[in-house]
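K.L.:
predicted model, plus sequence, below.
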Amino acid sequence: MPVITIFYYLITAFIVGMLGWNFWHEKKSVNDMILYLLVIVPLLLRILRVK
Amino acid sequence: MNKERTVKIVLVAVIGVVTALGAVPLYRHRHSTMPVIAGPGVTKVIKLSDYAPTLKGTMGDIDVFVMEGKEPGGKAFLMSDTHANEPAGLLALMALVENAVVDKGTLYVALTFNASGSRNTKPGDGYPLYFDIPTEWGQVRFRFGNRDASPLDQWPDPDVYIHYPERQALSYVDGRNTNRTWPGRPNGLLMERVTFAAMELMRKEKVDVAMDFHGAETMFPVTNCIVAPQKSAKIATMASMTVKAMEGFDNHVEPSPGNFRGLSHREIGDYADTLPFLMEAPIPFLDQPTGPKTVKLLIDGKDDFLLSLSKKKKLFVSYDETGWPMDKRVGQHASVALEILKQFSKKNPERSIKLSGFPRYAEIVQNGIGKYFHDPAKADPKSVYFE
Ligand SMILES: [Zn+2]
């Protein structure tokens, strides 16, 4: 795997972590919770390498 | 359990289910295969990776159907699904593989040249995932793909795709476009490895003629034509004039631009001793201002918006209520290919290529292309390949 791809996986994992963190700590806005989940889907699939 | 946690669990479950429902059809499309029967003319089936080991085990590796004549002669490499959303070439070459017999020379046929693209789609345009062609024994189902390889197979995209080896800066997405990655390299992007393997095949086997089958929008000037570089221009012109005179359809010649890199009709000629030709048949489905992108539009090419634009003289092909049916597009590809081989053979008798059993334009328009597809259930299982 090229170095650049490894970096992209790391960036993706970082963003997934951030979104997960925000989702976990969101107390009130259901709207925001839905948005965090929607945005996390493609990134999560990428890390899990679901093809 | 508090209310917040319950809401979160419900949301994760709902979005998980919705994602799965959306993903299942795409997963099945990506993992589906199309049966192809190696007909009486196929003498062996090789892998593209035989010419570039770095392709082995990747989504870029494909079958290449080899059709050798009893007599040695010239060689031609034919490919479809370079852009897997332009399927007329795939239908034409599948009919070739299932029916034709080569009498002199050798054909190498790659049906799903961009295999990853043929397993990709374009959800934003509402692309259908499959389309069916009726035959005497039932429907043949084809995968409908996309112009570019799937990002699942080649990722990440660069910000700017820099063509190898000419270093021309191209759009980021063209790194996944097998008509921008010629002549490729053995250790580059996956699509560069695909085109490199094909270049190696053409160089090692001393292929004389390469044909790349496409479709193009009716509003795009480079449509209904043969794109040819200088070295192929004479043969292309003769083929174009002959089909016009003998078979009554237009197919003009477009010169391959010298400084637009990565295209098959440019690089194959520049990096091998092969004469490249790229065939464009009109495909109304790909035009921007059409109605919904349905299978019907893909097959019959009928669209009211294009009809109105045609009356305003905005199209580059003639267009009326009959649309631009698939059989006509496939027929054009078949006749132009046969005519190019004939013109090449005339000029190079010692390298001539002769084949029979492959229908021409009028037959395909009259009978429908489905007539030339055979039932895989009735074929010898050893001759059925899954693309
Ligand atoms: Zn194309």
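P.N.:
In hand now; what should we look at?

K.L.:
I'd like the mean pLDDT over the longest helix along chain B, please.
P.N.:
Longest helix in chain B by number of residues (criterion: DSSP state H): helix B:3-30. Helix B:3-30 shows a mean pLDDT of 96.

K.L.:
and for stretch B:88-104?
P.N.:
98.

K.L.:
okay, buried residues for it please.
P.N.:
Going by neighbour count (16 or more other CB atoms under 10 Å in any protein chain shown), the buried part of stretch B:88-104 is B:88-104. For glycine as for every other residue, the C-beta is placed from the backbone atoms N, C-alpha and C.

K.L.:
same thing with stretch B:311-325?
P.N.:
So stretch B:311-325, judged by 16+ other CB under 10 Å, has buried residues B:Leu315, B:Phe316, B:Val317, B:Tyr319, B:Gly323, B:Trp324, B:Pro325.

K.L.:
how many residues are close by the residue in chain A positioned nearest to the ion?
P.N.:
In chain A, the residue that lies nearest the ion is A:Lys51 (24.8 Å; CB to the ion). By the criterion of other CB atoms under 10 Å in any protein chain shown, A:Lys51 has 13 neighbours.

K.L.:
so what's the residue count around the spatially closest residue to it that is not a sequence neighbour?
P.N.:
Of all residues not flanking A:Lys51 in the chain, B:Leu152 sits nearest, at 4.7 Å (CB to CB, 6 or more residues apart in numbering or on different chains). Neighbours of B:Leu152 under the rule other CB under 10 Å: 17.

K.L.:
residue contacts, B:Leu152?
P.N.:
When contacts are counted by CB atoms under 8 Å, 6 or more residues apart in numbering or on different chains, B:Leu152 touches A:Lys51, B:Arg30, B:Ser116, B:Asn120.

K.L.:
OK, contacts around the nearest residue to B:His252 once chain neighbours are set aside?
P.N.:
The shortest distance from B:His252 to any non-neighbouring residue, by CB to CB, 6+ apart, is to B:Cys225 (4.8 Å). B:Cys225 sits next to B:Ser240, B:Asn251, B:His252, B:Val253, B:Glu254, B:Met279, B:Glu280 when contact means CB under 8 Å, 6+ apart.

K.L.:
which SS state does B:Leu307 fall under?
P.N.:
Assigned state for B:Leu307: helix (three-state reduction, DSSP: H, G, I helix; E, B strand; the rest coil).

K.L.:
quick one: the spatially most central residue of chain A from A:Pro42, how far?
P.N.:
Note on chain A: the residue nearest the mean C-alpha position is A:Val16, at 2.3 Å, using CA atoms, centre = their mean. Here A:Val16 is placed at a distance of 10 Å from A:Pro42 (CB to CB, to the nearest Å).

K.L.:
residues near B:Asn367, how many?
P.N.:
For B:Asn367, the count of nearby residues is 14 (other CB under 10 Å).

K.L.:
so what does it have for phi and psi?
P.N.:
Main-chain dihedrals, B:Asn367, degrees, to the nearest 10: phi -90, psi -20.

K.L.:
now do the contacts for the closest residue to it other than its chain neighbours.
P.N.:
Spatial nearest neighbour of B:Asn367, excluding adjacent residues (CB to CB, 6+ apart): B:Pro359 at 7.3 Å. By CB under 8 Å, 6+ apart, the residues touching B:Pro359 are B:Ala95, B:Asn99, B:Gly331, B:Ala334, B:Asn367, B:Tyr372.
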